[in-house]
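Peer 1: Make a model of this:
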Amino acid sequence: MAIDLAKRFEGFHRVPKTDPGRAHPYICPAGFWTIGYGHLCDPKHPPITEAEAEVYLARDLQSALAATLRYCPVLATEPESRLAAIVDFTFNLGAGRLQTSTLRRRINRRDWPAAATELRRWVYGGGRVLPGLVTRREAEATCLLRAA
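Peer 2: Here you go, the predicted model:
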């Protein structure tokens, strides 16, 4: 389920018409060099195929899952949709953001409505509200509350 969320919001970007089927590095709206499905990279990273992007995504989500369970162990016994929502958040924003957040405290108290409210606050990239993040956080909040 987390992979579906990540793919839905990351997409396989920067595939030029002159090099179909290969993604090239780009700067995401928050200002980070990225390739494939939101994998952070060096600006000189060589182009990758969609299959290579899937491998990066699987690894990135494994890391996000491990961090999510480290900081929010209550999610190990919650429905998959809740875990997927927070894994996607962690994948998108990083484990450090989850670790120090009020969102983490709300999750560990199993206060799902308050956690959904906290999720909806994380919509800024590069100092401005990004419509894509508003949509993504709403989808995560829906997954978080769906299990309620």
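Peer 1: alpha carbons only for contacts and neighbour counts from here, please
Peer 2: Will do.
Peer 1: buried set for stretch 122-137?
Peer 2: Across stretch 122-137, burial judged by 16 or more other CA atoms under 10 Å covers 122-123, 125, 130, 133-134, 136-137.
Peer 1: would you list these in CSV and tack on distance to Ala114, secondary structure and pLDDT?
Peer 2: Shown next, in CSV, are these (distance: CA to CA, whole Å; DSSP: H, G, I helix; E, B strand; the rest coil; pLDDT from 0 to 100):
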residue, distance to Ala114, secondary structure, pLDDT
Trp122, 13, coil, 97
Val123, 16, coil, 96
Gly125, 22, strand, 85
Leu130, 22, coil, 92
Leu133, 19, helix, 94
Val134, 17, helix, 96
Arg136, 17, helix, 96
Arg137, 14, helix, 98
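Peer 1: now, which of these sits nearest Thr102?
Peer 2: Nearest to Thr102 among the buried residues of stretch 122-137 is Trp122, at 11.2 Å by CA to CA.
Peer 1: Can you give me every residue that contacts the closest one?
Peer 2: Contact partners of Trp122, counting by CA atoms under 8 Å, 6 or more residues apart in numbering, are 133-134, 137.
Peer 1: Quickly find the element holding the residue sitting nearest the centre point of the chain.
Peer 2: By CA atoms, centre = their mean, the chain has its centre lying nearest to Asn92, at 2.9 Å. In this assignment (DSSP states H and E), Asn92 forms part of helix 80-93.
Peer 1: average model confidence for the following helix or strand past that helix?
Peer 2: Counting by DSSP H and E, the next helix or strand C-terminal to helix 80-93 is helix 95-99. Mean per-residue pLDDT for helix 95-99: 97.
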